[in-house]
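J.: fold the following, please.
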Amino acid sequence: MPHAGNALPVRIADLLTEMIAKHRFQPGDKLPNELDLADELRVSRTTLREALRILSTRGLVEARRGIGTFVTESKSIHADYDVLKIRNTNVNTKELYEMRLMFEPQAAYYACLRASDEELATIFRYGEQDEQMILRRDPLWGEIEQKFHNSIASATHNQFITALLPVFNRAIHEGIILANESPEVSEMTLRDHRLVMDYLRDRNPEGAKTAMYLHIINTMRAFRIPLD
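T.: Got it, this is the predicted structure:
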């Protein structure tokens with residue numbers, strides 16, 4: 001069963017992903033009608049519709065007007081399911097940050113190369129919002145922090161990096177809890193984010209990669225997470 005901490009539509013989308021991966025529903029199959037499927041999953045039709053929208057963005061289902069919702073011929077279903085299992089595994093903060101260290105610097109590198117001007121503008125907007133919220137100690141700054149990192153990952157245009165966003169968010173959430181107890185971490189975050197954005201603005205992929213690497217290393221050190 002999906003991780004209890006996820007919002008209900010995401011949990012239902014994860015459950016349907018698992019059902020497709022395990023061949024309960026085959027590529028090309030029409031899903032049961034909305035009422036029956038909602039009843040089987042014990043959720044409201046509104047929750048089911050939102051879950052199906054999530055599956056549609058993952059490329060796993062396709063809604064055909066007036067006909068129904070069908071499972072696509074997605075080649076990434078097993079990769080999606082593997083990511084799902086990873087993100088629902090009980091892991092500690094050290095492992096989550098090691099995962100970030102492996103992927104996020106490279107994500108910054110490819111985002112620098114591939115992001116459209118509009119995507120860069122989105123990254124900078126979230127970065128500026130994050131900065132303002134940190135400066136005024138807004139308790140909701142973690143939500144914007146996630147959006148900042150997510151927008152960089154999304155700008156890689158790599159579906160597997162995008163699929164890892166829930167794992168990134170889980171690590172960021174753990175970090176927010178620790179950062180709220182340490183003002184110096186907030187100041188470090190401001191400095192590191194500005195450096196990442198400067199390199200992105202200059203379209204310097206190696207610089208963006210190094211800046212993101214240092215950001216995560218600095219965070220791990222601040223949280224006393226071993227770097228071995």
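J.: can I see the domain layout of this structure?
T.: 8-78, 91-222 (automatic domain parsing).
J.: which of these is buried the deepest?
T.: Using mean count of other C-beta atoms under 10 Å, the stretch among the domains of the chain with the greatest mean number of neighbours is domain 91-222 (a mean of 18). Quick note: C-beta positions are derived from backbone N, CA and C, even for glycine.
J.: now that domain, how far from the centre of its chain.
T.: Centroid separation for domain 91-222 versus its chain: 11 Å, with C-alpha atoms, centre = their mean, to the nearest Å.
J.: do the same with stretch 220-228
T.: Computed by C-alpha atoms, centre = their mean, the chain-centroid distance of stretch 220-228 equals 22 Å.
J.: now do that stretch, average pLDDT.
T.: The average pLDDT within stretch 220-228 is 85.
J.: spatially central residue in the chain, please.
T.: Per C-alpha atoms, centre = their mean, the C-alpha nearest to the average position across the chain is that of Leu165, at 1.7 Å.
J.: tell me which element the residue nearest to it when sequence neighbours are not counted is part of?
T.: Spatial nearest neighbour of Leu165, chain neighbours left out: Asn150 (5.3 Å); criterion: C-beta to C-beta, 6 or more residues apart in numbering. Taking DSSP states H and E as the criterion, Asn150 maps to helix 141-154.
J.: which neighbouring elements make contact with the helix or strand just after that helix?
T.: The helix or strand immediately downstream of helix 141-154 is helix 159-163, counting by DSSP H and E. In terms of contacts (3 or more C-beta pairs under 8 Å, 6 or more residues apart in numbering; DSSP states H and E), helix 159-163 is packed against helix 77-87, helix 93-114, helix 141-154.
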